[in-house]
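Asks: turn this into a structure:
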Amino acid sequence: MSPPVRGVATLSGLVALLAVAVGEARAHVKYVTPGSDPVEVVEFLVTALTTPLNLAVLGAGALSVVVAGTAYLRVRPFPNDVRAFRRVLASYDELLPWLLRLAVGLPLVGAGFSGYFFSPIVEPTAPVFVRLFGITVGFLLLFGLGTRFAAAVGLVTYLVGLAVEPALLLAFEYVPGFVAIALVGGGRPSADHAIASMAADDRTVYSRIDPFYRRVALPFVTRIRHLEAYVPTVLRLGVGVTFIYLGIAQKLMQPGDALAVVAKYDLTAVVPVAPELWVVGAGLTEALVGILLILGAFTRAASGVAILLFTTTLFGLPDDPVLAHISLFGLVSALLVTGGGPYSVDAALHRDDAGVTDATTSSSPTNSD
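Replies: Okay, here's the model as predicted:
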């Protein structure tokens, strides 16, 4: 079994595991509605998917996505503009560690001061440890001090908490966030970079008394440096699983809560469709974004759609806890910078493009590039 196939198979298992825990978890719709009457999932889906108008709208949406993707792959419009856009985004790669630290550190600090554990729906009765954990680890990440160690502590703490409280699946994006930070380190600007620069300079007094840089940090970074190339893959898979879980478990498998949100904010007045179509459409859109990210297909476009979803939530649901979404917002922003990375459909397509370009260049004596 090839690595990409193994990756997809593994993530399919993860998605199945997340679906099993759906009865234990609640979505961000719980943040914005006090509760709802229970709605039978099968009955809801049958009603939503057997209404002719709903089927027509969903079918038209699905067809438009397929047609747009196929047309782009066949026509490849504005190739020079696309390449220039990719180069610009890739040029921000040096800032990726900083972006990741902000994406994870800011919501952790907010969670610490608010007294919840990763997700606003997980509020321990004795929040002292939760507050200390969130504030300490969050600020270490923001300052970039002991960055890899702080990320490792955060990852282990989240996984232990997940074993006790399945509702933490709603904050699963912290897993790829912590792993990515552990791989790239603090970057610059960061306290780690400043300290390492002083320790590497033999002329400084600090370089003679620092016991950590040459003995521990430098050998460790050297051993894992080759893994940094897989940061986009880690982000894609982790964020993709999160989106699939949010779309399926949060909306399609919890239709009562989602319908309550539609009713509370009178969303049918914004787009005059049936409430169940709102729920199914939102759930399928989030699931599609997750699938595209897992496959690494149209990664930057899928990330752009995800940002659009977050922005719509921000302005459409005024009492939604924005802080809880910063982690996902930051991670999909990071994917705009990195693109699909290894083991992605995008990477295969770009290799094909490069081969076609090389062949065209070699066979055209008038090409001056």
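Asks: when you work out contacts or count neighbours from here on, use the C-alpha atoms and nothing else.
Replies: OK.
Asks: ok, R131 touching G115?
Replies: Yes. Proximity of R131 to G115 meets the contact threshold set by Cα atoms under 8 Å, at 5.5 Å.
Asks: neighbour count winner among those two?
Replies: Neighbours of R131 and G115, each counted by other Cα atoms under 10 Å, are more numerous for G115; the result is 24 against 20.
Asks: helix, strand, or coil at the spatially most central residue of the chain?
Replies: Centrality entry for the chain: nearest residue to the mean C-alpha point is V239, 3.2 Å, by Cα atoms, centre = their mean. Reducing the assignment to helix, strand or coil with DSSP: H, G, I helix; E, B strand; the rest coil, the entry for V239 is helix.
Asks: for it, what are its contacts?
Replies: With contact taken as Cα atoms under 8 Å, 6 or more residues apart in numbering, V239 is in contact with F172, E173, P176, G290, L293, L328, L331, V332.
Asks: turn the residues you listed into a markdown table, including pLDDT and distance to P342.
Replies: Rendered in a markdown table, the data for the contacts of V239 read as follows (pLDDT from 0 to 100; distance: Cα to Cα, whole Å):
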| residue | pLDDT | distance to P342 |
| --- | --- | --- |
| F172 | 93 | 22 |
| E173 | 94 | 19 |
| P176 | 97 | 15 |
| G290 | 95 | 17 |
| L293 | 96 | 12 |
| L328 | 91 | 21 |
| L331 | 95 | 17 |
| V332 | 94 | 17 |
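Asks: top of those by neighbour count?
Replies: Neighbour count (other Cα under 10 Å) singles out L293 as the most crowded of those, with 32 neighbours.
Asks: residue contacts, that residue?
Replies: R236, L237, V239, G240, T299, A302, S303, G340.
Asks: ok, and what's touching the helix or strand encompassing L308?
Replies: Per DSSP states H and E: L308 is located in helix 299-316. If you take Cα under 8 Å, 6+ apart as the criterion, helix 299-316 is touched by 265, 286, 289, 292-293, 320, 322, 325, 329, 332-333, 335-336, 339-340, 346.
Asks: farthest pair in these?
Replies: Checked with Cα to Cα, the contacts of helix 299-316 reach their widest spread between Y265 and D346, with 37.9 Å between them.
Asks: show me which of those two is the more surrounded one.
Replies: Between Y265 and D346, counted using other Cα under 10 Å, D346 has the larger neighbour count: 19 against 15.
Asks: in the protein, where is pLDDT below threshold?
Replies: Within the chain, the stretches falling below the threshold (pLDDT under 70) are 1-37, 314-322, 352-369.
Asks: go with 80
Replies: Under the criterion of pLDDT under 80, the regions of the chain flagged as low confidence span 1-39, 125-126, 265-271, 311-325, 350-369.
Asks: show me which pair in the contacts of V239 is furthest apart.
Replies: Of all pairs in the contacts of V239, the most separated under Cα to Cα is F172 and L293 at 14.9 Å.
Asks: ok, how many other residues are close to A163?
Replies: Using other Cα under 10 Å, A163 is surrounded by 11 other residues.
Asks: and the contacts of the helix or strand encompassing it?
Replies: Element membership of A163 [criterion: DSSP H and E] is helix 147-164. By Cα under 8 Å, 6+ apart, the surrounding residues in contact with helix 147-164 are 118, 137, 140-141, 168-169, 174-175, 178-179, 181-183, 185-186, 192.
Asks: if you count neighbours, what's buried in that helix?
Replies: When burial is assessed from 16 or more other Cα atoms under 10 Å, helix 147-164 yields the following buried residues: T147, R148, F149, A150, A151, A152, G154, L155, Y158, L159, L162.
Asks: and the last one, how far from I181?
Replies: Between L162 and I181 the computed distance is 20 Å (Cα to Cα, to the nearest Å).
Asks: check the third one too.
Replies: When Cα to Cα is applied, the distance between F149 and I181 equals 10 Å.
Asks: returning to that earlier point: the following helix or strand past the helix holding A163 to helix 147-164, inter-axis angle?
Replies: Scanning the chain past helix 147-164 towards its C-terminal end, the next helix or strand to appear is helix 174-184 (assignment: DSSP H and E). Using axes from the mean of the first three to the mean of the last three Cα atoms, to 10 degrees, the inter-axis angle of helix 174-184 relative to helix 147-164 is 160 degrees.
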